[in-house]
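Asker: what shape does this take:
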Amino acid sequence: HQHDTGLFPQGNLPENHLNISSLPWVSFDGFNLNITGNDDYFAPVFTMAKFQQEGDRVLLPVSVQVHHAVCDGFHAARFINTLQMMCDNILK
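Answerer: I've put the predicted structure just below:
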């Protein structure tokens, strides 16, 4: 796919897919990915960045981008809270 510039170089995506990306070289306090020309693109986009250690805490920036037609704040909060709980358990 070296010369393919399309959003989906491998063709149609499975119905229940999601996007996960990582920017391990930088940290952020906000991240927004604008997907133009795809008004019916409803898959969630999860982006993580470089983690930082502050005292006894490990901070991992996570961006969750969802289309409001298929997900609202309640669902996003459930995901974030579950992710936090899982990360807390890893550090124990």
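Asker: and the stretch of helix or strand M85 belongs to, how far out from the chain middle?
Answerer: Assigned by DSSP states H and E, M85 belongs to helix 73-90. Averaging C-alpha positions (CA atoms, centre = their mean, to the nearest Å) puts helix 73-90 13 Å from its chain's average.
Asker: now stretch 14-33
Answerer: For stretch 14-33 - counting by CA atoms, centre = their mean - the centre lies 4 Å from the chain centre.
Asker: which parts of that stretch are buried?
Answerer: Within stretch 14-33, the residues scored as buried using 16 or more other CB atoms under 10 Å are F31. For glycine as for every other residue, the C-beta is placed from the backbone atoms N, C-alpha and C.
Asker: how far does it stretch from one end to the other?
Answerer: Taking CA to CA, to the nearest Å, stretch 14-33 runs 21 Å from one end to the other.
Asker: pull the residues that contact that stretch.
Answerer: When contacts are defined by CB atoms under 8 Å, 6 or more residues apart in numbering, stretch 14-33 is touched by residues 43-52, 61, 63, 65.
Asker: drop anything exposed from the residues you listed.
Answerer: Buried, going by 16+ other CB under 10 Å: A43, P44, V45, F46, T47, M48, A49, P61, S63, Q65, out of these.
Asker: contact partners for the second one?
Answerer: Applying CB under 8 Å, 6+ apart to P44 gives the contacts L18, N19, V64, Q65, V66, H67, C71.
Asker: would JSON lines of the buried ones among the contacts of stretch 14-33 with secondary structure, distance to L33 and pLDDT be doable?
Answerer: Formatted as JSON lines, the buried ones among the contacts of stretch 14-33 follow (DSSP: H, G, I helix; E, B strand; the rest coil; distance: CB to CB, whole Å; pLDDT from 0 to 100):
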{"residue": "A43", "secondary structure": "coil", "distance to L33": "11", "pLDDT": "87"}
{"residue": "P44", "secondary structure": "coil", "distance to L33": "11", "pLDDT": "91"}
{"residue": "V45", "secondary structure": "strand", "distance to L33": "6", "pLDDT": "91"}
{"residue": "F46", "secondary structure": "strand", "distance to L33": "10", "pLDDT": "94"}
{"residue": "T47", "secondary structure": "strand", "distance to L33": "7", "pLDDT": "95"}
{"residue": "M48", "secondary structure": "strand", "distance to L33": "13", "pLDDT": "95"}
{"residue": "A49", "secondary structure": "strand", "distance to L33": "13", "pLDDT": "96"}
{"residue": "P61", "secondary structure": "coil", "distance to L33": "14", "pLDDT": "95"}
{"residue": "S63", "secondary structure": "strand", "distance to L33": "8", "pLDDT": "94"}
{"residue": "Q65", "secondary structure": "strand", "distance to L33": "6", "pLDDT": "91"}
